[in-house]
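Q: A structural model of the following input is requested.
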Amino acid sequence: MRYMTDREALLKKLSIAQFAAWELHIFLNTHPDCPEAVKKFKKYTNEARALTEEYESQYGPLSSEQSDGSSWLKDPWPWENVGGAN
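A: Residues are numbered from 1 along each chain as shown. Next up, the predicted model:
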C-alpha cells in the first residue's frame, strides 16, 4: 500500500473543495434563493481559495497564470506522481 505524501494530501483536499464549490455553483443556477446552498458555496469557495494559497506557498503555482514561467517549468508538475509508484 502506498500512502499519500503531504503534497498529494493537500492537492486532494483542494480538489474536494473545488469540486464542492463548483457543484454548488451549478445548483445555485437553478436554486438561487436557497440560503443553505449559498452558505455552503461561500464556505467551499473560501476553503478552496485558502487551500490554493497554502499549496502554492509550499509547492509553487498550480497553473502557468500564477507564474512567471520559470517555476512552472520545474519538475514535478502538480499532476505528476511524485511518489515514484505507477
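Q: low pLDDT regions in the chain?
A: Per-residue confidence for the chain (pLDDT under 70) gives these ranges: 64-79, 81-86.
Q: again, 50 this time
A: Applying pLDDT under 50 to the chain picks out residues 86.
Q: And the strands in it, which stretches?
A: Counting by DSSP state E, the chain has no strands at all.
Q: Next, name the residue at the spatial heart of it.
A: In the chain, the centroid-proximal residue (CA atoms, centre = their mean) is L14; its distance is 3.0 Å.
Q: Which residues are in contact with that residue?
A: Taking CB atoms under 8 Å, 6 or more residues apart in numbering, we find L14 in contact with A48, L51, T52, Y55. In short, each C-beta sits where N, CA and C put it, glycine included.
Q: Which one of those is nearest to T5?
A: Checking the contacts of L14 against T5 with CB to CB, the nearest one is Y55 at 12.5 Å.
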